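> below is the structure, and that's it, no one-letter string:
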Ligand code: NAP
């Protein structure tokens, strides 16, 4: 298969636009060859119109057929073999192991949504049967389930070209829910995106899905994404990226004549609180663990530990020596793109030039182009409290250590933090009880709390919450990782006194899908006998 640079619109390829661009190999510091064609206004409209038409039939497709579609996407991604891995590496500078691992995660996500859909219980069928004899007024028969929202636009992340991009978590969850998807391809990995889009199109055709169930639009700048968010037929948006980008799209969606939800998963500095006993007793071990976590993937993870909070003293002095020593021992690695490297240098400089900030360790040997030298900076608690510029994410291998006067100041700082994806407590067992107010304060600011670990590494499983209070995400009630992500693309819908034959299978008296349903308040797989459902 050859990468063409064209847009995928329904089952066709299209390149009507005049704007072209290329991707970039940060390892070789050279542009890649393929010319990508940015989607034109008419192509954007065609993709959304097709998605809107596809919605009515796609949402009615059986659970088994939808599961087959998702599993076939996974098969087709694997069938891309070396070409996909090679393209991924050439557009990101990331190593082969990471490419293979991320492909495994992407395929695993698709298969877990396929299983969820095949089982069918996720629709949360809830039935309250009629009480015609109730006085003073009879009770009607009411049946509720989750139904898909309609066409969803997905913005992929620069730092997860597979797992959070074209066929990533948002797309898998939306397709599983019954929503057609239009992907706004990330310009930094457009070739990887095209290959995956092709895999989705082949899977859709093979499994008999309607034209328009999926489209992939190229973009060189922000205009394509903005046009998609403003298109009246789009009903929801999934975004993974920066706070600036996510917030702009959220505001745009809210100001439409018909506002729509934007589920944006955004940046975070992932505070790590190191309590005194742990700092004293495990000083070197914590420094080693955190030097690795801060530099993992060149710091290009949304869960990168950008903020370490602890109390001043000799243990902290020793910790800073250990952390500096460990971090300077690591060879800088390649960033995803010169633009990301530029942003890293700019944000790092802005932050380290703030009053009261001291550099504890900065890798200062020469580095190859697009490689990021890691930096650890320190600041005292009061300066941190007074300057919110110090609270901003520096996307890359950077961490700020906040030296608090005492536990009271540490507590105040936690309460002043913006919402975060994760919070970590490094502590001796008995410190959790001793500093319970610190734990509670951190819990109030984050989506996931970690004990004696690192925030990097997001396990994909049903109990994972990847989100958090704003600005970590635009809606802290939902997760972007794990099967519960499906809940972002649905709405509850009730039928009142609806004829049994015309109800969706999930709600029919006979329970043909053998779902676990909430029937008159109790969870059961039972069928409903006629006298219980006398109105239907
Ligand atoms: P980004 O600059 O926000 O870009 C993400 C996408 O949004 C790109 O396709 C970009 O289009 C588009 N975009 C940005 N601003 C826009 C606007 N005003 N209007 C319309 N579209 C807009 O983010 P990134 O550099 O790709 O990713 C790095 C960031 O993502 C970091 O802050 C990181 O923490 C965050 N992240 C968060 C998570 C999470 O799950 N919470 C996961 C991974 C990464 P163009 O490229 O065409 O400009």
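Cool, the structure landed. Computed from a prediction, not measured in an experiment: that's the story for all the values here.
> when you work out contacts or count neighbours from here on, use the C-alpha atoms and nothing else.
Will do.
> test my guess that residue 187 contacts residue 222.
No: the criterion here is C-alpha atoms under 8 Å, and residue 187 misses it with residue 222 at 9.9 Å.
> the two: which has the busier surroundings?
Neighbours of residue 187 and residue 222, each counted by other C-alpha atoms under 10 Å, are more numerous for residue 187; the result is 23 against 11.
> show me what contacts the more buried one?
Contacts for residue 187 (C-alpha atoms under 8 Å, 6 or more residues apart in numbering) come out as 23, 218, 219, 220, 221.
> quick one: residues contacting residue 27.
Counted by C-alpha under 8 Å, 6+ apart, residue 27 has contacts 90, 93, 334, 369, 370.
> can you flag the buried ones in those?
90, 93, 334, 370 (16 or more other C-alpha atoms under 10 Å).
> residue of the stretch 51-200 of the chain closest to the ligand, please.
Residue nearest to the ligand within the stretch 51-200 of the chain: residue 158 (3.8 Å; C-alpha to the nearest ligand atom).
> still on that earlier bit, which of the contacts of residue 187 tops the neighbour count?
In terms of neighbours by other C-alpha under 10 Å, the contacts of residue 187 top out with residue 218 at 29 neighbours.
> mind checking how far the nearest residue to it once chain neighbours are set aside is from the ligand?
Spatial nearest neighbour of residue 218, chain neighbours left out: residue 38 (4.8 Å); criterion: C-alpha to C-alpha, 6 or more residues apart in numbering. Using C-alpha to the nearest ligand atom, to the nearest Å, residue 38 is found at 10 Å from the ligand.
> now the closest residue to residue 381 other than its chain neighbours: how far from the ligand?
Spatial nearest neighbour of residue 381, chain neighbours left out: residue 404 (4.5 Å); criterion: C-alpha to C-alpha, 6+ apart. Distance, residue 404 to the ligand, using C-alpha to the nearest ligand atom: 25 Å.
> show me the contacts for residue 404.
The contact partners of residue 404, by C-alpha under 8 Å, 6+ apart, come to 309, 310, 311, 312, 380, 381, 382, 410.
> what residues of the lengthiest helix in the chain count as buried?
Determined from DSSP state H, the single longest helix within the chain is helix 96-119. By neighbour count on 16+ other C-alpha under 10 Å, the buried set for helix 96-119 is 99-100, 102-119.
> the closest residue to residue 419 other than its chain neighbours: what's it in contact with?
Among residues not flanking residue 419 along the chain, residue 469 sits closest, at 4.4 Å (C-alpha to C-alpha, 6+ apart). Shown in contact with residue 469 (C-alpha under 8 Å, 6+ apart): 418, 419, 420, 421, 445, 446, 447, 475, 476.
> wait, a strand at residue 469?
No: under the criterion used here (DSSP: H, G, I helix; E, B strand; the rest coil), residue 469 is coil, not part of a strand.
> contacting residues for the residue nearest to residue 446 when sequence neighbours are not counted?
Closest residue to residue 446 apart from its sequence neighbours, by C-alpha to C-alpha, 6+ apart: residue 420 at 4.6 Å. Residues near residue 420 by C-alpha under 8 Å, 6+ apart: 268-271, 445-447, 467-472.
> tabulate those residues (TSV), appending distance to residue 78 and pLDDT.
Formatted as TSV, those follow (distance: C-alpha to C-alpha, whole Å; pLDDT from 0 to 100):
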residue	distance to residue 78	pLDDT
268	32	95
269	34	98
270	33	98
271	37	98
445	39	98
446	35	98
447	32	98
467	29	98
468	32	98
469	36	98
470	36	98
471	35	98
472	32	98
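> now the residues you listed in JSON lines, with distance to the ligand?
JSON lines is the format used below for these (distance: C-alpha to the nearest ligand atom, whole Å):
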{"residue": "268", "distance to the ligand": "6"}
{"residue": "269", "distance to the ligand": "8"}
{"residue": "270", "distance to the ligand": "10"}
{"residue": "271", "distance to the ligand": "13"}
{"residue": "445", "distance to the ligand": "15"}
{"residue": "446", "distance to the ligand": "12"}
{"residue": "447", "distance to the ligand": "11"}
{"residue": "467", "distance to the ligand": "6"}
{"residue": "468", "distance to the ligand": "9"}
{"residue": "469", "distance to the ligand": "11"}
{"residue": "470", "distance to the ligand": "11"}
{"residue": "471", "distance to the ligand": "9"}
{"residue": "472", "distance to the ligand": "6"}
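> for stretch 35-52, the averaged confidence score.
Across stretch 35-52, the average pLDDT comes to 98.
> contacts for it?
Here stretch 35-52 makes contact (C-alpha under 8 Å, 6+ apart) with 4-7, 9-10, 14-22, 150-151, 180-182, 190, 211-215, 217-220, 224, 227-228, 231, 233-234.
> and what of stretch 218-227?
Residues outside stretch 218-227 that contact it (C-alpha under 8 Å, 6+ apart): 6-7, 19-21, 36-41, 44, 155, 184-187, 190, 217, 249, 252.
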